[in-house]
Structures are given as C-alpha cells and as structure tokens.
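Colleague: Quick check, what structure comes out for this input:
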Amino acid sequence: DTEGTIVSANDVVIDGFTIEGNVSSVFVYGVDMAQGTTGTQLYNNNIQRFDLATGANLGVFATGLSDPQGIALDSSGNLYVANLEGNSGIGSVQKFALDGSSSTFANTGVDGPCALAFDGSGNLYVATFTGNTIEKFSSSGVDLGVFASAGVNGPMGLAFDHSGNLFVANANNNTILRIT
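Modeller: Numbers count the residues shown, from 1 in each chain. Predicted structure coming up:
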C-alpha cells in the first residue's frame, strides 16, 4: 500500500515524491495505481489528482462539492466523496467515475459525513460526525442502516485492517475505537 503523508504546510510526500507549493489545504487520501493519487482541496471545494510517478498536480478532477471531507476508492477505481455541505449538518456521498461524471451515491443516513472506508466485500462505511454513527451502505448504494454507534464520538477517520476490523478515529474524546 502507498500512503500520502503531510510533511509540512507546503510539502506533501507521496511514495517518496514531494509535491511542493501551496498545498496547505490539500489532504491526500487515496491512491489509485492506474490513475494517480487523489486528494481534496477543502477550501476550494474540489478534488485534485496527482501523478503517482512524478508527484505533479494533474489538475481538478471534480468540482461542484460543498465542504468535501473524506474520500475512498472502490475496487473499480470510482471515487467516493463525503460531502459535508457546509454547516447544515446534512450531507451526502458523491460518486465520481473515472471519466469525472458524478452521481449521488447516498443522501440519507449521512448526518455530517466525514470519513469513508470500503470493506473487503465492497460495502461502504460512512462516519457521521454530527450523528455519532458509522453507517453502512451496500455497493449499490442501499442504506443498510447504523453499523455502529456505541463508543462512536465525533468520528473523523475510518480504516479497515487486513483482518476486517474497522478502526474509528473519535475526535470528541481523542480515542481510536476498534470494531471487530
């Protein structure tokens, strides 16, 4: 697995390459080996793409978002974005195909979406910051309901390990919750 790391306010290192310049608002979340690295620019409400081999910014991949938070890539390379939609407390999950076309994947059960993660079966998990829940959606977008709420307190990050355990980064109580 290749990971992006924020080194300073002006440099991002991806697989040994440094992206320089004004990247203080860029957060690198996912790597698509065929298409490059994907990141979000929170203050410009768009999705940027970076070349994995050179670190070069390939430009804007998607626009029309409102306060994008977490992103995740499915096994087909489609990009999913937790779209917080400002301070409204509501939100949605937007799906972007490789050609940049978009659709709404989910807009129910996503009360303040902040983080996304796929399990090994292709189900999407959504951390809802204001709802204090982890919601589960099938690969086709069917809302499967609340996956977890006990111990969830302001979730801001999600990750699965190789054994299928889900880890939740809780911002409100500074804990990492493991759900087996």
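Colleague: Next, name the residue at the spatial heart of this structure.
Modeller: Nearest to the geometric centre of the chain sits Ile71, at 1.9 Å (CA atoms, centre = their mean).
Colleague: What does the pLDDT read for that one?
Modeller: For Ile71, the pLDDT comes out at 84.
Colleague: The host helix or strand of it: partners in the sheet, and parallel or antiparallel?
Modeller: Assigned by DSSP states H and E, Ile71 belongs to strand 68-73. The strands beside strand 68-73 in its sheet (DSSP bridges) come out as strand 79-83 (antiparallel).
Colleague: So what are the sheet partners of the helix or strand following the partner strand and their directions?
Modeller: If you walk from strand 79-83 toward the C-terminus, the next helix or strand you reach (DSSP H and E) is strand 92-96. Strand 92-96 sits in its sheet next to strand 79-83 (antiparallel), strand 102-106 (antiparallel), going by DSSP bridges.
Colleague: and those strands, which one's lowest on average pLDDT?
Modeller: strand 79-83 (a mean of 88).
Colleague: Give me the contacts around that strand.
Modeller: For strand 79-83, the surrounding residues in contact (CB atoms under 8 Å, 6 or more residues apart in numbering) are 30, 32, 38, 40, 47, 61-62, 65-74, 91-96, 105, 110, 113-116, 124, 126-127. Where you see a C-beta, it was placed from the backbone N, CA and C, and this is true even at glycine.
Colleague: Can you turn the buried part of these into a ChimeraX selection?
Modeller: Applied in ChimeraX, the following selects the buried portion of the contacts of strand 79-83 according to 16 or more other CB atoms under 10 Å:
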select :30,38,40,47,61,62,65,67,68,69,70,71,72,73,91,92,93,94,95,96,105,110,113,114,115,116,124,126,127
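Colleague: residue ranges with poor pLDDT in this structure?
Modeller: For the chain, applying pLDDT under 70 flags the ranges 1-43, 50-53, 55, 86-89.
Colleague: Quote the end-to-end distance of stretch 159-175.
Modeller: For stretch 159-175, the separation between the terminal residues is 14 Å (CA to CA, to the nearest Å).
Colleague: List the buried residues of it.
Modeller: Leu166, Val168, Ala169, Asn170.
Colleague: go on, stretch 133-140?
Modeller: For stretch 133-140, by 16+ other CB under 10 Å, it's Thr133, Ile134, Glu135, Lys136, Phe137.
Colleague: follow-up on the earlier one: thinking the residue nearest to the centre of the chain is in contact with Leu116, fair?
Modeller: Yes: counting by CB atoms under 8 Å, Leu116 is a contact partner of Ile71 at 6.6 Å.
Colleague: The spatially closest residue to Gly91 that is not a sequence neighbour and Asn78: what is the separation?
Modeller: Leaving aside its sequence neighbours, Gly91 sits nearest to Pro113 (CB to CB, 6 or more residues apart in numbering; 4.3 Å). Distance from Pro113 to Asn78, counting by CB to CB, to the nearest Å: 17 Å.
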